[in-house]
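Visitor: From the sequence below, what's the structure:
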Amino acid sequence: MVRELERERLKSNSTTGQSEIVDFPATAPAANPVFFRTYSRRTINGRETWEQVCDRTIRGLSSLGKLTQEETNLLERMIRQLKSLPSGRWLWVGGTEWLNNPENFSGAYNCTSTNVLDWCSFGLMMELAMMGCGTGAVLEPKYINQLPSIRNHLNVNLQGEIGSITSQQRLEETEVHIKEGNQVTIYVGDSRQGWVQSYQALLELSTDEQFAGEVNVSIDLSNVRPVGEPLKGFGGVANPVKLPELYQRCASILNQALGRQLNSVECCLLIDEAAVVVVAGNVRRSAGMRQFAADDERGATAKDNLWQQGEDGNWRIDPQRDALRMANHTRIFHHKPSKEECIAAVRKQYYSGEGAIMWAGEAVARANCDLLPTQALKVEFLQSYEQGQAKQWLAANYPHLATDEIEHRLARLGLNPCGEIIGSNFHCNLAEIHLNQIDPHNYQEQEAAFRAGALSVAALLNHQFIEERYQKSRELDPIVGVSFTGLFDFFVHAFGIDWLRWWSKGRPETMTGLEFKQKEQEYLTRWRQIVEQVVGDYCDRHGIKRPNRCTTVQPSGTKSLLTGASSGWHPPKSVRFVRRV
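Guide: Residues are numbered from 1 along each chain as shown. All right, here's what the predicted structure looks like:
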C-alpha cells in the first residue's frame, strides 16, 4: 500500500541551490498513507501532492501574515524539507477559499477551550468540532450554574429520510416552526451551521418560557445530504450516520433534569453526544477535554465502571455513558493538592485511565508569566491564590489592569484536549519542528527551522473572530505554540551512545548525567529564545499584542509519521508498530 501511494516531493540541494526530487524519508513507512488520508485534499484532478499542499499552505500563510519575501522563502525551504511544519489543521485548510470566510477561521486552529455558561457554548463547541478543532470545556459551578433550569419535557420524533431532497432544493440553514399545542418542527439544514443550529435549538426548547409542560418536537432530516457526498468547502465527505440519534439522546438527558439545572456530567454528556456525531469531513474525529471542580464527585466518578461484564461473560459499555469516551476528564484544584490527593489521582488513573488533576494556581501563574517574571513574584502570587486573594494581589501590584482583564487572567485555567495549552475561551495554533530532520551541530539550520515555526503561528494572530468571547480572549491573551517532535532522535544524534545508555538507566544525576542535562537545557533555551524573539518582532511590526506564551510541548502524533520521528519528546516505544490508517 505504501509503495502504491508513493509520491515525490521537492527538496533544495544545499550545494547547488537547485531543487532535487526526493521521497518522504525511508524511515517513515507510514508517511504516504497518512499524508493522503489526512492532509491531501481532493481536487478535480485527484488528490493533492505534497508539493501542491506546500504551495497552498505557504501561499495562505504569506497572504494572511503579510510576510516579507525573505520570510516566505524561509517557510518554503523549511516546510518543503519537512523541517518545520504548520499545524495539521493548516495543512488541511490553509490557503483555501473556505478559510477566507471569517465564519470559518476557527478551522485553522488545533485546539480551543470554552467556559460553559449558556446554550450558545454548546453550539459553539459542536461547530468547532465540525471544523476539526479540539474542544476543551470548563464545567465548574461558577459557569454551569448560569444555565437556566430545565422546564419543558421534550418528546422527540424523527421524520424525513436523509438525502431525500435533492441538493438544489435543500435548506442550508435550520428552520424552527412552532405550531399551536406545543408542537415544534426543526428542519435540519444541510450545512455545518444547520447541524449546529438544530442541536442548539433543541437545547433551548428545554428552557423556552413560551412553552409549559411537554413539547412535541419533530426533527426533519430530509434536507441533510447523504453519506459520502462531498463537502465542497471544508473538504472531505459527509457522514451523518450518527446524526439521527443525537436529538433523542440529548432530549433524554435534558428530560432527566426536569425542574432543575443541569449538573456537570449532564453538561458533559450533551457536549459529548454532539462529539459522537462529528467526524469532520471524514478526515478528523473530535477530540475533547472536560474540566470539573475538584470537589465534584459526579465529575470525578463519571467514567467509573464504564465497562460492565454481563452474565454471558462479555464486557459491554454502559450505553447511557458511551459518549463520555469522547473526551479526557480533569479535576481543577484551587488549592495545591496534597501528597495524598496526588497519590489517589495517580492510583485512579492506573486502574481506570482517568483521574487527572490540575493545580489551578500553577496554571494561572504560567498564563500570567508576563506579570510574574521572577520566582519570588510567582511564589508570592501563588500564596495569594491559595488564600483566595489573587484578584486583590493583581489589582494592588498592577493597578493599570482593568477589572475585566484581571478576571480574564484569573480564568486562564482552561485546557485543550491534550492539556499542554492553558487559557480562557481561547484558540491556539501550533507549529512543529521535526528535529529528526536537522543536524544537531548545524545551529544555523536549527534557527531557520524555529524561525519558520514562529512565523507560521504568528501569522494566524491576524484573525478577527466573529464570536465575541473568542475575540475578546484573543485581544487580551493571544496564544501561540511552537513545539517539536523527534527530540529523542535529535539527542541520540547529538550525544551518541553514551547519552542513550545514561537515558536507559533512568537519567541518573551522575557527573556525566548533569553534563548531559546542561547540554539539553542549552538546546531548549536557545530554541525558546529564537521563537520568542521572532514572534515578538513580528507582533511589534504588525501592531499585534505580544503573546506571553509562545512555546509548548505538543504530544505529537500524526505529523510525526510524515518523517518517522519519535513522537514529541518521547522515545520510540517499539521497533515495529501496527498502524490503523
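Visitor: Just to be sure, His177 is in a helix?
Guide: No. Secondary structure of His177, determined by DSSP: H, G, I helix; E, B strand; the rest coil: strand, with no helix assignment.
Visitor: so how far is the first residue of stretch 315-324 from its last?
Guide: One end of stretch 315-324 sits 17 Å from the other (C-alpha to C-alpha, to the nearest Å).
Visitor: Just checking, which helix or strand succeeds whichever helix or strand Gln471 is part of along the chain?
Guide: Under the criterion of DSSP states H and E, Gln471 resides in helix 468-476. Past helix 468-476, further along toward the C-terminus, the next helix or strand under DSSP H and E is strand 480-485.
Visitor: any idea of the mean pLDDT for that following strand?
Guide: Confidence for strand 480-485, expressed as mean pLDDT, is 96.
Visitor: quick check, distance from the very next helix or strand once past that strand to the centre of its chain.
Guide: Stepping forward along the backbone from strand 480-485, the first helix or strand reached (DSSP H and E) is helix 487-495. Going by C-alpha atoms, centre = their mean, to the nearest Å, the spacing between the C-alpha centre of helix 487-495 and its chain's C-alpha centre is 28 Å.
Visitor: what does stretch 50-58 give?
Guide: The chain centre lies 23 Å from the centre of stretch 50-58; the measure is C-alpha atoms, centre = their mean.
Visitor: buried stuff in it?
Guide: For stretch 50-58, the buried set under the neighbour-count rule, 16 or more other C-beta atoms under 10 Å, comprises Trp50, Val53, Cys54, Arg56, Thr57, Ile58. For the C-beta atoms, the positions are set from N, CA and C on the backbone; glycine is no exception.
Visitor: Flag the shaky bits of this protein, pLDDT-wise.
Guide: 1-22, 280-284, 581 (pLDDT under 70).
Visitor: ok, now with 50
Guide: Counting by pLDDT under 50, the chain contains low-confidence residues at 1-22.
Visitor: Could you confirm Ala323 falls within a helix?
Guide: Yes. Assignment of Ala323 by three-state DSSP places it within a helix.
Visitor: Which of the helices or strands spans the spatially closest residue to it that is not a sequence neighbour?
Guide: By the measure of C-beta to C-beta, 6 or more residues apart in numbering, the closest residue to Ala323 outside its immediate chain neighbours is Asp272, 3.8 Å from it. With secondary structure defined by DSSP H and E, Asp272 is part of helix 264-277.
Visitor: now the helix or strand harbouring Trp90, how far from the centre of its chain.
Guide: Here Trp90 sits within helix 88-93, counting by DSSP H and E. Between the mean C-alpha location of helix 88-93 and the chain-wide mean there is a distance of 13 Å, by C-alpha atoms, centre = their mean.
Visitor: between the following helix or strand past it and strand 480-485, how big is the angle?
Guide: Scanning forward in sequence from helix 88-93, with DSSP H and E defining helices and strands, the next element found is strand 111-115. Between the direction of strand 111-115 and that of strand 480-485, the angle (axes from the mean of the first three to the mean of the last three C-alpha atoms, to 10 degrees) works out to 130 degrees.
Visitor: would you put the C-alpha positions of strand 111-115 in PDB?
Guide: As requested, the backbone C-alpha atoms of strand 111-115 are provided in PDB (Å, rounded to 0.1, in the frame of the first residue of the first chain):
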ATOM      1  CA  CYS A 111      -7.300  23.500  19.900                       C
ATOM      2  CA  THR A 112      -9.800  25.600  21.900                       C
ATOM      3  CA  SER A 113     -11.300  25.900  25.300                       C
ATOM      4  CA  THR A 114     -14.800  27.300  26.200                       C
ATOM      5  CA  ASN A 115     -16.300  28.200  29.500                       C
END
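Visitor: Can you give me the buried ones in the next helix or strand after it?
Guide: Remark: after strand 111-115, the chain's next helix or strand is helix 119-130, criterion DSSP H and E. Across helix 119-130, burial judged by 16+ other C-beta under 10 Å covers Trp119, Ser121, Phe122, Gly123, Leu124, Met125, Met126, Glu127, Leu128, Ala129, Met130.
Visitor: now stretch 222-238
Guide: Across stretch 222-238, burial judged by 16+ other C-beta under 10 Å covers Ser222, Asn223, Val224, Arg225, Leu231, Gly233, Phe234, Gly235, Gly236, Val237, Ala238.
Visitor: on that earlier part again, quick check: the residue nearest to Ala323 touching Ala287?
Guide: No. Taking C-beta atoms under 8 Å as the contact criterion, Asp272 and Ala287 are not neighbours in contact, 11.4 Å apart.
Visitor: what residues do the two have in common as contacts?
Guide: Contact criterion C-beta atoms under 8 Å, 6 or more residues apart in numbering; residues bridging Asp272 and Ala287 by contacting each: Ala327.
Visitor: Does anything pack onto the helix holding Gln471? Which helices or strands?
Guide: Other helices and strands packing on helix 468-476, by 3 or more C-beta pairs under 8 Å, 6 or more residues apart in numbering; DSSP states H and E, are strand 111-115, helix 403-410, strand 427-434.
Visitor: Relative to Asn314, which of these is closest?
Guide: For these, the distance to Asn314 is smallest for strand 111-115, at 36.3 Å, taking C-beta to C-beta.
Visitor: so that closest one versus helix 468-476, what angle?
Guide: Using the same axes, to 10 degrees, the interaxial angle of strand 111-115 with respect to helix 468-476 works out to 110 degrees.
Visitor: Just give the number of residues close to Gln533.
Guide: Taking other C-beta atoms under 10 Å as the criterion, the count of residues near Gln533 is 15.
Visitor: Report the buried residues of the host helix or strand of it.
Guide: Secondary structure here is read from DSSP H and E; on that basis Gln533 sits in helix 511-542. When neighbours are counted by 16+ other C-beta under 10 Å, the buried residues of helix 511-542 are found to be Gly513, Phe516, Glu520, Tyr523, Trp527, Ile530, Val531, Glu532, Val534, Val535, Tyr538, Cys539.
Visitor: Mind telling me what element the closest residue in space to the last one that isn't next to it in sequence is part of?
Guide: It refers to Cys539. Nearest non-adjacent residue to Cys539, counting by C-beta to C-beta, 6+ apart: Arg546, 4.7 Å away. Taking DSSP H and E as the definition, one finds Arg546 inside no helix or strand.
Visitor: Verify the contact between Arg546 and Asp540 for me.
Guide: Yes. Under the contact definition of C-beta under 8 Å, Arg546 touches Asp540, with a separation of 7.3 Å.
Visitor: mind checking how far the closest residue to Thr72 other than its chain neighbours is from Leu75?
Guide: Nearest-residue entry for Thr72: Ser62, 4.5 Å, with adjacent residues in sequence omitted and distances by C-beta to C-beta, 6+ apart. According to C-beta to C-beta, to the nearest Å, Ser62 stands 7 Å off from Leu75.
Visitor: tell me the domain boundaries of the protein?
Guide: Domain ranges of the chain: 54-98+432-563, 148-260, per automatic domain parsing.
Visitor: just these: most buried one?
Guide: domain 54-98+432-563 (a mean of 19; mean count of other C-beta atoms under 10 Å).
Visitor: just checking, Pro29 is part of a strand?
Guide: No. With three-state DSSP as the criterion, Pro29 is assigned coil and is not in a strand.
Visitor: Show the backbone phi and psi for it.
Guide: Pro29 adopts backbone torsions of phi -60, psi -20, taken as degrees, to the nearest 10.
Visitor: from what I can see it touches Thr563, true?
Guide: No. In this structure Pro29 lies outside contact range of Thr563 using C-beta under 8 Å: 11.4 Å.
Visitor: Can you get me the start-to-end distance on stretch 179-192?
Guide: Distance across stretch 179-192, first residue to last, is 26 Å (C-alpha to C-alpha).
Visitor: Just give the nearest non-adjacent residue to the one residue sitting closest to the centre of the chain, would you?
Guide: In the chain, the centroid-proximal residue (C-alpha atoms, centre = their mean) is Cys111; its distance is 2.3 Å. With C-beta to C-beta, 6+ apart as the criterion, Cys111 has its nearest non-adjacent residue at 3.3 Å, and that residue is Asn416.
Visitor: farthest pair in the buried residues of helix 119-130?
Guide: Longest distance between any two of these is 17.1 Å, between Trp119 and Met130; criterion C-beta to C-beta.
Visitor: Nice, that's everything, thank you.
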